[in-house]
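Engineer: need the 3D shape of this:
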Amino acid sequence: MPPVFHGDKVKQPVMVLQGANDLRVLQVESDDMVEAVRANDVPVEYVIFPDEGHGFLKKENQINGYGQILEFLNKYLKGDS
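Structural biologist: Model prediction:
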């Protein structure tokens, strides 16, 4: 069963990083998962890289993505605002 059917079970904040050109995990699938989790009133950070596929090859996107992951972890694990 696809993960989207379990979005109602998610209770903790989630971060999704998506390459818009991903052929393995389509953006529409991530969109649906994010919507399902948000419908459960769970915070979701959703980052889409319009010029990437499955995995991020461009150095600028890697730096940006890891920076956003760090902010997410600091916010939800350390309590930083």
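
Engineer: just the strands from this structure, written as ranges.
Structural biologist: Remark: strands assigned in the chain by DSSP state E are 14-19, 44-49.

Engineer: closest to Val25 out of these?
Structural biologist: Of all the strands of the chain, the one in closest proximity to Val25, counting by C-beta to C-beta, is strand 14-19 (7.2 Å). Yep, even glycine has a C-beta here, placed from its N, CA and C like the rest.

Engineer: tell me the strands beside the closest one, with direction?
Structural biologist: strand 44-49 (parallel) (DSSP bridges).

Engineer: now do the buried residues in the strand it pairs with.
Structural biologist: Neighbour-count burial for strand 44-49, counted by 16 or more other C-beta atoms under 10 Å, picks out Val44, Glu45, Tyr46, Phe49.

Engineer: from these, which is closest to Glu29?
Structural biologist: Closest to Glu29, out of all of the buried residues of strand 44-49 and judged by C-beta to C-beta, is Tyr46, at 12.5 Å.

Engineer: contact partners for that closest one?
Structural biologist: Met15, Val16, Gln18, Ser30, Val34 (C-beta atoms under 8 Å, 6 or more residues apart in numbering).

Engineer: nearest to His54, of the residues you listed?
Structural biologist: When the contacts of Tyr46 are compared for distance to His54 (C-beta to C-beta), Gln18 wins out at 9.6 Å.

Engineer: what about the closest one, how many neighbours?
Structural biologist: If you count neighbours by other C-beta atoms under 10 Å, Gln18 ends up with 21.

Engineer: identify the residue spatially nearest to it, adjacent ones excluded.
Structural biologist: Ser30 (4.4 Å; C-beta to C-beta, 6 or more residues apart in numbering).

Engineer: what about that neighbour, neighbour count?
Structural biologist: Residues near Ser30, counting by other C-beta under 10 Å: 20.

Engineer: residues touching it, list them.
Structural biologist: Shown in contact with Ser30 (C-beta under 8 Å, 6+ apart): Val16, Gln18, Tyr46, Ile48.
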